[in-house]
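Participant: No letters, just coordinates:
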């Protein structure tokens with residue numbers, strides 16, 4: 001996967017690296033092929049060269065020298081000194097080779113024997129290669145095969161290629177009877193000597209250079225076109241990957257990736273209708289207080305801008321605390337967390353951020369912005385609902401409904417943050433949470449009451465101090481109220497209000513107690 005990201009982010013560098021790798025591979029292969037082919041060409045060139053010389057030598061020996069025997073024309077190695085004479089075959093071959101060597105740059109040839117005529121200077125082997133070649137050719141099973149090696153001569157790699165000279169019938173009689181011959185017992189088929197040709201590979205390279213240049217040009221053109229195609233493909237892939245990334249990002253805005261991971265899906269395209277899973281989760285609901293009155297003085301466009309500004313600062317807080325937003329319901333937020341500690345931290349940070357938001361926007365807000373937060377923990381079922389033409393990811397459970405009702409209860413008690421007793425008990429370090437019992441509340445739509453606590457850790461320091469000072473008094477009053485001792489509860493709630501006039505929950509209970517006592521008096 002790391003390789004694909006690199007190609008995506010660095011296409012030009014990728015193409016340059018591919019070009020360098022391709023060029024290096026081609027160059028290395030060309031060097032290898034050039035050396036191999038040059039050697040092969042040199043072998044073929046040397047073989048053709050010696051075939052031509054040996055054929056001429058045999059033709060001259062059998063068809064020319066044989067015709068003049070017995071005539072007034074002499075056959076001698078000293079033919080230049082005699083008027084009516086022609087050279088012996090070996091002399092003609094040697095002089096012909098010398099002429100050719102003088103004309104052919106990088107090519108030299110020589111005929112030699114370990115039994116040269118007495119009058120032939122330097123007619124024997126000149127170096128170890130010539131001696132070894134003659135020895136191998138003489139004892140080879142197939143005397144038509146060559147003996148060759150590559151040697152460095154004068155700083156150049158050179159092919160040394162030797163073939164045997166085999167005694168024909170016409171040669172045997174001459175050599176066995178000639179006064180200059182150093183061996184008199186030749187037989188037909190004996191190897192009399194060898195002819196060697198030395199060819200520098202630079203010579204062959206020059207011959208093949210034109211073809212190689214054309215080949216190199218064609219290969220270069222192919223490589224260039226290939227790299228251009230690769231570049232175009234990479235650009236297309238990069239564009240596709242970018243579009244796919246943008247599409248995935250857009251999908252994540254509508255369907256959180258956490259939702260997909262809970263369903264064990266890699267992509268939204270894998271989600272099917274009725275896919276669902278049950279999981280223990282903490283649910284957070286938050287809502288803006290008196291939003292209707294706040295929005296009355298705004299145009300629809302201003303309403304959208306206001307809500308998006310507000311959600312824009314609250315959404316990241318939830319994600320930062322390992323939660324994800326299931327849905328926005330106007331100005332309300334429904335979020336899910338794997339544990340209650342994260343939901344608690346998110347709630348407190350939302351309240352702290354709201355204070356800063358109010359300070360920064362005091363001039364343009366018609367009134368101070370307040371929110372209510374309700375938190376509950378329970379089993380939820382996440383999945384896809386809808387129909388084939390339209391599906392939506394959602395969470396269905398009684399716990400979700402209860403969390404929503406708990407948030408609504410913050411309006412009754414004038415609280416910022418209410419949490420169920422079950423969720424509070426699941427906080428790992430609840431000793432550092434400033435909270436107090438609100439009581440058993442019969443929330444709308446529920447037969448059973450739920451015990452709620454008010455978390456006031458996020459309130460102003462003076463409010464925290466006053467609520468902590470009346471904590472025991474308030475909770476005793478709540479228990480008295482739950483037990484139906486409204487007169488005793490009223491006394492304690494009144495004491496709480498006297499000590500802390502800003503205690504909305506105490507004031508609310510105070511009014512409830514008075515209402516209960518009036519009803520009791522009327523009934524009596």
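Facilitator: Noted; the coordinates are in hand. What you see is a predicted model; the values in this text were computed from it and never measured.

Participant: can you give me the strands for this protein?
Facilitator: 74-75, 85-86, 107-112, 147-153, 156-166, 191-200, 276-288, 324-329, 332-337, 371-387, 390-396, 417-420, 435-441, 450-455 (DSSP state E).

Participant: Quick one: distance of the third one to the chain centre.
Facilitator: How far strand 107-112 lies from its chain's middle: 62 Å, per C-alpha atoms, centre = their mean, to the nearest Å.

Participant: neighbouring contacts of stretch 397-409?
Facilitator: Outside stretch 397-409, the residues that touch it by C-beta atoms under 8 Å, 6 or more residues apart in numbering are 281, 283-287, 332, 334, 372-381, 415, 418-420, 441, 443-446, 450, 452. To be clear about C-beta, it is placed using only N, CA and C from the backbone, and glycine gets the same treatment.

Participant: quick one on the thing from earlier: to residue 499, which of the strands of the chain lies closest?
Facilitator: With distances scored as C-beta to C-beta, the stretch of these nearest to residue 499 is strand 435-441 (13.9 Å).

Participant: Name every strand pairing with the closest one and say which way it goes.
Facilitator: Paired strands of strand 435-441, with direction, are strand 450-455 (antiparallel) (DSSP bridges).

Participant: quick one: furthest residue from the center of this protein?
Facilitator: Distance from the centre of the chain peaks at residue 72, with 91.6 Å (C-alpha atoms, centre = their mean).

Participant: So that residue sits against residue 83, correct?
Facilitator: No. The criterion here is C-beta atoms under 8 Å, and residue 72 misses it with residue 83 at 10.4 Å.

Participant: circling back to that earlier point, what's the distance between the residue lying closest to the residue farthest from the centre of the chain once chain neighbours are set aside and residue 95?
Facilitator: Distances taken as C-beta to C-beta, 6 or more residues apart in numbering place residue 84 nearest to residue 72, at 5.8 Å, with adjacent residues excluded. With the distance defined as C-beta to C-beta, to the nearest Å, residue 84 ends up 19 Å from residue 95.

Participant: With neighbour numbers in mind, choose between those two.
Facilitator: residue 95 (14 against 10; other C-beta atoms under 10 Å).

Participant: Tally up the residues packed near the residue lying closest to that one once chain neighbours are set aside, please.
Facilitator: Of all residues beyond its chain neighbours, the one nearest residue 95 is residue 87 (7.1 Å), with distances taken as C-beta to C-beta, 6+ apart. Using other C-beta under 10 Å, residue 87 has 20 other residues around it.

Participant: Could you check how far residue 87 is from residue 173?
Facilitator: 17 Å.

Participant: Same check on residue 221?
Facilitator: Distance, residue 221 to residue 173, using C-beta to C-beta: 64 Å.

Participant: Just want to know which of these two has more residues nearby.
Facilitator: Set residue 221 next to residue 173 and count neighbours by other C-beta under 10 Å: residue 173 wins out with 14 against 10.

Participant: Centre of the chain to stretch 89-104, how far?
Facilitator: Using C-alpha atoms, centre = their mean, the offset of stretch 89-104 from its chain centre is 67 Å.
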